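Q: build me a model from this:
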Amino acid sequence: MKQLMMILICALGLVACSSQYIMSTKDGKMITTDSKPKLDESTGMYRYYDTEGREVMIKKDDVTQIMER
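A: As a prediction, this is how the structure comes out:
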């Protein structure tokens, strides 16, 4: 029973650590991401995972703001 409780506590801790982010673009779109977008300096593009778990890239110049939800 203790082991099951410890597993549940750890799982909840991991879920609490992940945050969603919202990116606003120049054309007015609001994009929700499941992880913090990371800038790839070599390509000039942000890489992120959408709410369905797919990897997506967007040009740095198209993004106006990134906010944590």
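Q: tell me how many other residues surround Y48.
A: When counting by other CB atoms under 10 Å, one arrives at 21 neighbours for Y48. The C-beta positions use only the backbone N, C-alpha and C, and glycine is treated the same way.
Q: meant to ask about D62
A: D62: 14 neighbours (other CB under 10 Å).
Q: please name the nearest non-neighbouring residue to the spatially most central residue of the chain.
A: Among the residues of the chain, the one closest to the centroid is S35, at 1.7 Å (CA atoms, centre = their mean). The shortest distance from S35 to any residue other than its chain neighbours is 5.1 Å, reached at Y49 (CB to CB, 6 or more residues apart in numbering).
Q: give the partner strands of the host helix or strand of the one you found in its sheet and their orientations.
A: Assessed by DSSP states H and E, Y49 sits inside strand 45-49. Partner strands for strand 45-49, per DSSP bridges, with pairing direction: strand 38-40 (antiparallel), strand 55-59 (antiparallel).
Q: what separation do you get for K36 and I7?
A: Per CB to CB, to the nearest Å, K36 is found 26 Å from I7.
Q: swap that for K29, sorry
A: Note on K29: its distance to I7, by CB to CB, is 39 Å.
Q: also M1?
A: Distance from M1 to I7, by CB to CB: 11 Å.
Q: looking at those two, which has the bigger crowd around it?
A: For M1 versus I7, the count of surrounding residues by other CB under 10 Å is larger for I7: 10 against 5.
Q: secondary structure class for the more buried one?
A: helix (DSSP: H, G, I helix; E, B strand; the rest coil).
Q: when you give positions from now on, start the count at 4
A: Okay, using 4 as the starting number, the last item reads as I10.
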